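Novice: structure of the sequence below:
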Amino acid sequence: MEKLSRLILLYALLSGCSHLVKVSYRPEAVIHPAFDQPFCTWKGERVKVVLTPSLRGERLKYLLKYDQLILANSIRQRGLRHEYKIAGKGTPLVVYAKNPEILPQEKHYPSTGITLGLTAVKEERRGQVPLLKLYDAFDPSVVRSSYSSHPIAANYTATLAVLNSHARKVAGSAAGSFLRPDNPRFATGIYLIQPYDPNKIPILFVHGLISSPISWQNLTNDLCSDPKILEHYQPWFFLYPTGQPLLESAEQLRESLQATQRLFDPEGTALASHHVVVIAHSMGGLLAHTLVSDSSDALWNGFANKPLNSLSLSAGEKHLISGYFFFRHQPCVDRVIFLAVPHRGSRLAAGIVGSIGNRVIRHSKAAAEAVKELAAENPGVLNRYFARVNVRGGPTSLFSLAPNPLLDRLASLPIRVPYHSIIGDRGLDGGTRSSDGVVAYSSSHLAGAESEKIVPAGHTLFSNETTVREIKRILEKNLAPDVF
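Specialist: Numbers count the residues shown, from 1 in each chain. Here you go, the predicted model:
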């Protein structure tokens, strides 16, 4: 049994590294027009460069300093299930630019580089040099052209494929950040894969255990290549080391969302600062729950036997503990979509798989020391479950995911916004006794959801076509006039 559990854990570690996209193209697909000059050569002809209003701010900055420009329709990719293009006028292009990571905003873009989807439209002029108009294919004004009789061409999938083809190190970091959460390869925080748009609603994706934002690449392609979604939404991703305790990651998520919005919108006037939709998978859904709930002292009472104010704590200890256990909902979040979330824990984390995992994880130092000092200075303060956790070296994500009193308290916290559950069923039992193979229906179900959809899929149900259709339905519903 222990050998089987080790194999399960090994599979989970390796699967977190396997989500890779590969691209290929002929050498002649790479072109070198001087878009930073008033005139350039385009397909052997001199043209006047016109940067349309769709190219503004950071989009324009990265375009003018591009490192590679590729004919999008010449790109062949493996890894994304579907390919999405808009037939129309112009030539779709993919711009790849290195990320200098100098400005604070640049640290919220992939360190592996930034990709833009462009379309170059040549317009003839009688007796004059032709115009070459450059459009950002992801800009709402350009996306809306897809509804017209003369759409501007686009190749959304090629842009995302080139981006993800550079992300091997990000995919490979999932196992490392699970096993060594204090030393993640990439900084914890929110990352954007497209230049910030103040007028688009962020979809904040929160990944699960032994995972990274790369796990979302197919869903991102399915959603953000749909003009109805792309016109109104922009994808944001929370990256965090999944070996650390749940409440530590949840606090980082709350802080990161506020910090990212302040950075890109210091005045707080942008649509993106007031409207966010969260899509969270598995353990990520537990983090997301803290974005839309008020804790009061419920979580603390699921952890400790004594009121916090009655304990002997230094100012630093109290500040650390308060950040974990006490929070208020984030008013900017409008809606949450929970995907296969273990609201009441997973028996897999409580069994031999969890036992082995907890032995190989290097415990998060800050959380482990805080719990150890709390117990030493205040005997009897920890409830029975967390007293055992403390003896075994302190909390980890797997201890957090096993059924425990704190998770029960979190599951019972009222959610202040509309929420939806999408739950996997592998067909073993069906109905309320179903399971996705990792999380039972009884753990994923939350009473009061605006909708609940059971899909014929395992735990990674975000790859399921029914899941994609349901998420699109919810995102379109979120745009209804009575929502805002």
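
Novice: please make it C-alpha for all contacts and neighbour counts, starting now.
Specialist: OK.

Novice: quick check: what element follows the helix or strand hosting Asn164 along the chain?
Specialist: Asn164 is part of helix 156-165 when elements are defined by DSSP states H and E. Later in the chain than helix 156-165, the nearest helix or strand by DSSP H and E is helix 168-179.

Novice: quick one, that following helix and helix 156-165 angle?
Specialist: Orientation check (axes from the mean of the first three to the mean of the last three Cα atoms, to 10 degrees): helix 168-179 against helix 156-165 gives 60 degrees.

Novice: helices or strands next to helix 168-179 in the packing?
Specialist: When contacts are defined as 3 or more Cα pairs under 8 Å, 6 or more residues apart in numbering; DSSP states H and E, helix 168-179 sits against helix 2-15.

Novice: in its sheet, which strands sit next to the helix or strand following the helix it packs on, and in what direction?
Specialist: The first helix or strand that comes after helix 2-15 along the chain, using DSSP H and E, is strand 22-24. Counting by DSSP bridges, the strands paired with strand 22-24 are strand 76-78 (antiparallel).

Novice: now the strand it pairs with: buried residues?
Specialist: Buried residues in strand 76-78, counted by 16 or more other Cα atoms under 10 Å: Gln77.

Novice: and the next helix or strand after it, what does it pack onto?
Specialist: Helices and strands here follow DSSP H and E; after strand 76-78, the next one along the chain is strand 85-86. Using 3+ Cα pairs under 8 Å, 6+ apart, the elements in contact with strand 85-86 are strand 154-155.

Novice: ok, and what's touching the strand it packs on?
Specialist: Under the contact criterion Cα atoms under 8 Å, 6 or more residues apart in numbering, strand 154-155 has outside partners 72-73, 84-88, 91-93, 117-119, 137.

Novice: can you give me how far that strand is from the chain middle?
Specialist: 23 Å (Cα atoms, centre = their mean, to the nearest Å).

Novice: now swap in stretch 328-340 and tell me
Specialist: For stretch 328-340, the distance to the chain centre is 13 Å (Cα atoms, centre = their mean).

Novice: next, the buried residues of that stretch.
Specialist: The neighbour-count criterion (16+ other Cα under 10 Å) identifies His329, Gln330, Cys332, Val333, Asp334, Arg335, Val336, Ile337, Phe338, Leu339, Ala340 as the buried residues of stretch 328-340.

Novice: greatest separation within those residues: which pair is it?
Specialist: Distance extremes for the buried residues of stretch 328-340: the farthest pair is Cys332 and Ala340 at 23.7 Å, using Cα to Cα.

Novice: pLDDT averaged over the helix holding Asn164 - what is it?
Specialist: For helix 156-165, mean pLDDT is 97.

Novice: send me it as CSV with only the CA atoms.
Specialist: What follows is helix 156-165, C-alpha atoms only, in CSV (Å, rounded to 0.1, in the frame of the first residue of the first chain):
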residue,chain,number,x,y,z
TYR,A,156,-5.4,34.0,-30.8
THR,A,157,-4.1,30.5,-30.2
ALA,A,158,-0.7,31.2,-31.9
THR,A,159,-0.1,34.1,-29.5
LEU,A,160,-0.8,31.9,-26.5
ALA,A,161,1.2,29.0,-27.8
VAL,A,162,4.3,31.1,-28.3
LEU,A,163,3.9,32.4,-24.7
ASN,A,164,3.5,29.0,-23.2
SER,A,165,6.3,27.5,-25.3
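
Novice: from the buried residues of stretch 328-340, which is closest to His459?
Specialist: Distance to His459, by Cα to Cα, is smallest for Ala340 among the buried residues of stretch 328-340, at 6.2 Å.

Novice: list the buried residues for the helix or strand harbouring Leu374?
Specialist: According to DSSP H and E, Leu374 maps onto helix 365-377. Along helix 365-377, these residues count as buried under the neighbour rule (16+ other Cα under 10 Å): Ala367, Ala368, Glu369, Ala370, Val371, Lys372, Leu374, Ala375.

Novice: repeat for stretch 414-424
Specialist: Ile415, Arg416, Val417, Pro418, Tyr419, His420, Ser421, Ile422, Ile423, Gly424.

Novice: the first one contacts His289, correct?
Specialist: Yes: contact criterion Cα atoms under 8 Å: Ile415 and His289 qualify, at 7.3 Å.

Novice: what's the following helix or strand after the helix holding Leu374?
Specialist: helix 384-391.

Novice: so which bits of the helix or strand following that next one are buried?
Specialist: Downstream of helix 384-391, the next assigned helix or strand under DSSP H and E is helix 397-401. By neighbour count on 16+ other Cα under 10 Å, the buried set for helix 397-401 is Ser397, Leu398, Phe399, Ser400, Leu401.
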